[in-house]
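**Student:** Next come a sequence and a model predicted from it.
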Amino acid sequence: MTREKSSERVTPTDDLRSAPENAQPEPSASEHAIPSTGEAGPALVDKKARKPLIQADKLSKYFPVRSGWFGKTKLVRAVDQASLYVRHGETLGLVGESGCGKTTLGRTLLKLVEPTAGRLRLDGLDISRYSARQMRPLRRRMQIVFQDPYASLNPRMTVREIVAEALQIHRLAESPADELRQVTELLERVGLGSEALGRYPHEFSGGQRQRIGIARALAVRPEFIVLDEPVSALDVSIQAQIVNLLLDLQEELKLSYLFISHDLKVVEYMSHRVAVMYLGRIVETAPAASLYERRHHPYTRALLSAVPTPDPERRRLRILLEGDVPSPIDPPSGCSFHPRCPHAEPGRCDVEAPPLTELTPGSHHRVACWHPHL
Ligand SMILES: Nc1ncnc2c1ncn2[C@@H]1O[C@H](COP(=O)(O)OP(=O)(O)OP(=O)(O)O)[C@@H](O)[C@H]1O
Ligand code: SF4
Ligand SMILES: [Mg+2]
């Protein structure tokens, strides 16, 4: 994948590789400590950028489901004690197999679904138990761009109405003329001209629809955007355009992203840091460059070994994951990866869940495994 715009800009992973060597990372006392320096690239070096905009501590989301007419109600542990943070102007990539809870985690961070347990902070403010009414003024700060640009836009509304609706809900336009000016500017900003205003979603291609979705998200001037597989439904050539648009917008507007994707190459390209999720839990998190160079959790190693590579030696080292992802209704005891893990230690891995801990102080590389690959 190549960038089309801002060709002089280095990739986020290059930024990380050039992080100042003499940076003094704060000692991280717990698994949830936020590093203040040391892993941030040039785009993140100002003071505000070091602080977390979004922070989740042991956040869980369980869905009650009933099996059969008279069956008992059981809980789907879609997100199970997940801890992560996203700093100002930063992209956190989120990867993991289908059904591991990525979308649910993204939606819980936005409070589109209520967390079952755990703590959630927005810019330091504890919003874990905020009601819908309390959330209303904060909604504007957090937006989402969906995977399916076909299903996420109302087919009966014109593009102008779709983008203007967000401005109206949050009363961000002073007059109809101001509203039109803002909508036109937003469309231009995402690469669509004013001729798009009176047209309907079905008149656009997938990539153009995703641009409309991005314009709608941007209309309320958010700080944090959950990008839930924003390019997965698009052709490869169009994917690059949308990825570059998102990077340009981030640079210009200092946006923070949670970038969810199955495409590990795109995640590496987009992300400053990456979190790996397995069965509702975060099992490894690290600066992108560090994770792609040295993955320590057996699951991450298997997941990343599947990334297509022209190198025959690396292809040979591909690790095949055996078995399906277990059900989140009845997850395995201890480390939930133990039934599929080649390094599982009987009596320990199947009994005790490993906490997410920093491998070496200051590395900002955290792993939840009793026997991380060193
Ligand atoms: N509203 C719901 N009610 C019951 N179970 C749900 C609900 N939403 C999600 N789940 C379950 O929670 C688990 C996590 O789903 P989620 O969609 O978050 O995974 P995902 O990682 O985004 O998957 P994919 O990569 O396929 O998009 C799945 O087992 C799913 O079936
Ligand atoms: S804790 Fe044990 S089972 Fe889990 S990933 Fe590590 S070695 Fe494997
Ligand atoms: Mg999903």
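**Tutor:** Structure received. Ligands and ions are numbered 1, 2, ... in the order given.
**Student:** quick one, what contacts L303?
**Tutor:** V95, G96, E97, L264, V276, L321 (Cβ atoms under 8 Å, 6 or more residues apart in numbering). For every residue, glycine as well, the C-beta is placed using N, CA and C.
**Student:** Pipe those residues into JSON lines and attach neighbour count, distance to Y150 and pLDDT per row.
**Tutor:** Below are the contacts of L303 laid out as JSON lines (neighbours: other Cβ atoms under 10 Å; distance: Cβ to Cβ, whole Å; pLDDT from 0 to 100):
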{"residue": "V95", "neighbour count": "25", "distance to Y150": "24", "pLDDT": "96"}
{"residue": "G96", "neighbour count": "24", "distance to Y150": "25", "pLDDT": "94"}
{"residue": "E97", "neighbour count": "16", "distance to Y150": "24", "pLDDT": "91"}
{"residue": "L264", "neighbour count": "19", "distance to Y150": "25", "pLDDT": "90"}
{"residue": "V276", "neighbour count": "25", "distance to Y150": "29", "pLDDT": "97"}
{"residue": "L321", "neighbour count": "18", "distance to Y150": "31", "pLDDT": "77"}
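**Student:** quick one: the strands in the stretch 101-250 of the chain?
**Tutor:** Secondary structure of the stretch 101-250 of the chain (DSSP state E, counting those that start in this stretch): strands at 117-122, 125-126, 142-145, 224-228.
**Student:** Repeat that for the stretch 251-374 of the chain.
**Tutor:** 256-260, 273-278, 281-287, 357-358, 366-367.
**Student:** average pLDDT for stretch 113-128?
**Tutor:** In this model, stretch 113-128 has a mean pLDDT of 97.
**Student:** does any part of it sit near ligand 1?
**Tutor:** No: using Cβ under 6 Å from any ligand atom, stretch 113-128 stays clear of ligand 1, coming no nearer than 7.6 Å.
**Student:** quick revisit: restrict the contacts of L303 to contacts with ligand 1.
**Tutor:** Filtering the contacts of L303 for proximity to ligand 1 by Cβ under 6 Å from any ligand atom leaves G96.
**Student:** Among the contacts of L303, which one lies nearest to E293?
**Tutor:** Comparing those against E293 with Cβ to Cβ places L264 closest, at 13.5 Å.
**Student:** Which single residue of the stretch 1-150 of the chain ends up nearest ligand 2?
**Tutor:** G96 (13.8 Å; Cβ to the nearest ligand atom).
**Student:** Spatially nearest residue to that residue, not counting backbone neighbours?
**Tutor:** M277 (3.6 Å; Cβ to Cβ, 6 or more residues apart in numbering).
**Student:** coming back round to it: tell me the one of the contacts of L303 nearest ligand 1?
**Tutor:** Sorting the contacts of L303 by distance to ligand 1 puts G96 at the head of the list, at 5.9 Å, by Cβ to the nearest ligand atom.
**Student:** Could you check how far that closest one is from I282?
**Tutor:** Per Cβ to Cβ, to the nearest Å, G96 is found 9 Å from I282.
**Student:** Give me the common contacts of the two.
**Tutor:** Applying Cβ under 8 Å, 6+ apart, one finds that G96 and I282 are jointly contacted by V276.
**Student:** Give me the angle between the longest helix seen in the chain and strand 224-228.
**Tutor:** Criterion DSSP state H: the longest helix present in the chain is helix 236-253. Orientation check (axes from the mean of the first three to the mean of the last three Cα atoms, to 10 degrees): helix 236-253 against strand 224-228 gives 170 degrees.
**Student:** when you give positions from now on, start the count at 324
**Tutor:** Got it, the first residue is 324 from now on, which makes the last one we talked about helix 559-576.
**Student:** And L443, how far from L417?
**Tutor:** Applying Cβ to Cβ to L443 and L417 gives a distance of 16 Å.
**Student:** Neighbour count: those two, which is higher?
**Tutor:** L417 (29 against 20; other Cβ atoms under 10 Å).
**Student:** Any figure for the gap between the more buried one and T426?
**Tutor:** Separation of L417 from T426 (Cβ to Cβ) stands at 10 Å.
**Student:** just V402 next, same as before
**Tutor:** 10 Å.
**Student:** Of all residues in the stretch 524-673 of the chain, which one is closest to ligand 1?
**Tutor:** The nearest approach of the stretch 524-673 of the chain to ligand 1 comes at P651, 4.7 Å away (Cβ to the nearest ligand atom).
**Student:** which ones are touching the residue most central in space within the chain?
**Tutor:** Most central in the chain under Cα atoms, centre = their mean is L581, positioned 2.6 Å from the mean C-alpha point. By Cβ under 8 Å, 6+ apart, L581 lies in contact with I377, V409, T414, L415, L417, G429, L432, F547, I548, V549, L550.
**Student:** and those residues, which are buried?
**Tutor:** I377, V409, T414, L415, L417, G429, L432, F547, I548, V549, L550 (16 or more other Cβ atoms under 10 Å).
**Student:** Local confidence estimate at the closest residue to P654 other than its chain neighbours?
**Tutor:** Nearest residue to P654 in three dimensions, chain neighbours excluded: L602, at 5.4 Å (Cβ to Cβ, 6+ apart). In the prediction, the pLDDT value recorded for L602 is 96.
**Student:** Thanks a lot, catch you later.
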